[in-house]
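Enquirer: Have a look at this prediction, sequence included:
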Amino acid sequence: MKIQLTNTLTRRKEPFVPADPARVTMYVCGPTVYSYAHIGNMRPPVVFDVLFRLLRHVYGEKAVLYARNYTDIDDRIINAAIESRQPIGAITAEFERAYEADTAALGVLAPTFKPRATEHVAGMIALIEKLIAQGAAYKVATGVYFSVSADADYGKLSGRAQEDMQAGARVEGEDDKRHPSDFALWKAAKPGEPQWEAPFGAGRPGWHIECSAMIEAELGSPIDIHGGGIDLIFPHHENEIAQSESAHNHPLARLWMHNGFLTMDTTKMSKSLGNVITPRELLSHGWQGETLRWALLSAHYKAPLDFNEDMMRAAQASLDRLYGAVLRLKDLEAADVEPPKAFIEALADDLNTPEAIAELYALATAANIAKKPADQAKAKGELLAAAKLFGVLQDDPEHWFRASFGEAAAEIDKLVAERVAARAAKNYAESDRLRDELAARGVEVMDNASSSTWRRKG
Ligand code: AMP
Ligand code: ZN
């Protein structure tokens with residue numbers, strides 16, 4: 001199976017060839033844990049979860065090493081701690097837990113490694129010392145900076161020229177750096193802020209050096225794939241490249257991938273703009289995690305995706321169709337089969353999730369129209385295998401349909417049971433009345449020979 005992925009570095013779709021197929025490495029920049037993640041923040045973990053699953057399918061589960069970090073030291077965390085009068089560790093622990101819960105609700109598998117920045121400060125210090133010794137970094141009163149003029153190919157990922165990068169590069173408190181594009185590797189200690197001892201003075205790491213050090217510690221470079229949201233290309237990933245490649249003299253990552261933004265009314269969802277919805281808000285309104293996952297995968301990962309309620313309704317209807325097909329065949333054991341080739345090929349083509357969704361639909365249709373038990377078992381098996389790789393249909397189908405009805409589900413059960421009794425008593429008028437009442441509640445009853453189940457009406 002040949003995987004093709006778009007490489008931000010070359011701006012082309014390329015065949016993916018890991019350096020060592022027995023040890024495929026991927027790193028994705030994780031969250032800064034100072035508040036709840038919004039659903040835009042969920043796009044990278046979900047998109048790269050699909051890639052993780054695909055890589056594991058192709059290279060074997062044990063062969064793929066995936067690291068996603070927690071940034072647990074940062075200005076925003078320090079400010080959140082001051083504002084809430086809580087210790088920094090309490091803030092980061094709370095929002096790390098919340099992120100774990102949110103991603104789990106969206107069916108995101110745990111990455112192989114989940115390093116925390118504060119556990120890798122020694123590696124960051126070593127990297128900075130190396131850069132200072134090489135003349136690629138320098139120390140001034142406010143901290144240690146990377147010198148972009150020491151790096152001939154600085155700007156290669158974002159394709160920016162040095163001159164363009166000067167605008168907006170001014171950062172408060174960094175007045176003594178030599179060039180406007182130079183960036184902080186180490187911020188000199190300030191009273192009341194967390195600090196670590198270092199040969200170049202006490203302080204705390206800058207954001208970019210954290211990822212460079214964690215990649216080195218967990219995976220070693222070059223890694224096969226480095227991912228993140230499109231807003232990380234510059235300056236974050238550009239700076240990771242500058243530091244790591246200056247220090248090690250080989251590429252940091254062989255392939256760079258970036259997901260597009262989740263927008264609302266075409267504006268990027270972001271905490272600073274305040275136009276955010278959190279996954280926990282959607283769950284508390286009765287939406288299921290898989291529905292949000294499906295919605296986030298309904299567009300190609302590189303494209304922007306404009307979020308609205310219609311998108312959630314469409315995602316739920318699509319999943320209903322898939323769950324409905326499984327529910328119809330609930331008494332039949334699924335054949336133990338691989339996901340079909342066409343489905344894998346869709347994902348292998350630069351993670352074409354809309355095409356993969358079309359294949360899932362086709363598999364549900366095949367399951368619905370199959371007549372012979374052997375064909376039904378195969379169709380059900382193929383649908384479940386493909387869905388597993390996509391991270392959906394992980395719920396029990398009856399539970400899936402009940403869950404979004406909340407407390408009304410028990411009442412629906414009662415009406416369905418009454419209808420079964422009416423039918424048994426050959427009271428067809430009552431049975432029809434109950435069917436209409438259930439229909440009015442958005443429920444469709446599915447009668448088997450001996451019992452009845454129900455689902456949301458399509
Ligand atoms: P942040 O907490 O802002 O550092 O973002 C964490 C991750 O979410 C990064 O990979 C960002 O690129 C990504 N991200 C932030 N906002 C969005 C958005 N609206 N759509 C897609 N990805 C986003
Ligand atoms: Zn990073």
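Expert: Perfect, thanks for sending it. The structure displayed is predicted, hence computed values, not measured ones. Ligands and ions are numbered 1, 2, ... in the order given.

Enquirer: Let me know how buried whatever residue of the stretch 1-150 of the chain ends up closest to ligand 2 is, in neighbour terms.
Expert: Closest residue of the stretch 1-150 of the chain to ligand 2, CB to the ion: residue 29 (3.3 Å). Backbone N, C-alpha and C define where each C-beta goes, glycine included. If you count neighbours by other CB atoms under 10 Å, residue 29 ends up with 22.

Enquirer: Now it, what are its backbone angles?
Expert: Dihedral angles of residue 29 (phi, psi; degrees, to the nearest 10) stand at phi -70, psi 130.

Enquirer: so what's it up against?
Expert: Residue 29 sits next to 44, 68-69, 211, 227-229, 232, 236-237 when contact means CB atoms under 8 Å, 6 or more residues apart in numbering.

Enquirer: where does it land on pLDDT?
Expert: Looking at residue 29, its pLDDT is 98.

Enquirer: For it, give its distance to ligand 1.
Expert: In this view, residue 29 and ligand 1 are 5 Å apart by CB to the nearest ligand atom, to the nearest Å.

Enquirer: contacting residues for the closest residue to that residue other than its chain neighbours?
Expert: Nearest-residue entry for residue 29: residue 228, 4.2 Å, with adjacent residues in sequence omitted and distances by CB to CB, 6 or more residues apart in numbering. Residues in contact with residue 228 (CB under 8 Å, 6+ apart) are 28-29, 44, 236-237, 258-259.

Enquirer: Mind checking which of these land in strands?
Expert: 28, 258-259 (DSSP state E).

Enquirer: By neighbours, which of those residues wins?
Expert: Comparing those on neighbour count, residue 259 comes out first with 28 neighbours (neighbours: other CB under 10 Å).

Enquirer: neighbours around residue 439, how many?
Expert: Using other CB under 10 Å, residue 439 has 12 neighbouring residues.

Enquirer: Sorry, wrong one. I was asking about residue 7.
Expert: Residue 7: 17 surrounding residues under other CB under 10 Å.

Enquirer: who does it bridge with?
Expert: Going by DSSP bridges, residue 7 is paired in beta bridges with residue 12.

Enquirer: what sits against residue 222?
Expert: Contacts for residue 222 (CB under 8 Å, 6+ apart) come out as 19, 250-254.

Enquirer: Now rank those by neighbours and give me the top one.
Expert: Within those, residue 253 tops the neighbour count with 27 neighbours, counted by other CB under 10 Å.

Enquirer: Tell me the residues on this structure that lie near ligand 2, please.
Expert: Proximity of the chain to ligand 2, by CB under 5 Å from the ion, involves residues 29, 211.

Enquirer: Can you tell me which residues in the chain are near ligand 1?
Expert: With CB under 6 Å from any ligand atom as the criterion, the chain comes near ligand 1 at residues 29, 31-32, 40-41, 43-44, 228-229, 231-232, 259, 261-262, 268-270.

Enquirer: can you tell me which of those are in helices?
Expert: 43-44 (DSSP state H).

Enquirer: which among the residues of the chain next to ligand 1 end up buried?
Expert: For the residues of the chain next to ligand 1, a neighbour count by 16 or more other CB atoms under 10 Å gives the buried set as 29, 31-32, 40-41, 43-44, 228-229, 232, 259, 261-262, 268-270.

Enquirer: nearest to ligand 1, of those?
Expert: Of all these, the one with the least separation from ligand 1 (CB to the nearest ligand atom) is residue 229, at 1.8 Å.

Enquirer: For that closest one, list each beta-bridge partner.
Expert: residue 259.

Enquirer: My guess is it contacts residue 261. True?
Expert: Yes: using CB atoms under 8 Å, residue 229 is in contact with residue 261, at 7.2 Å.

Enquirer: Appreciated, that's everything.
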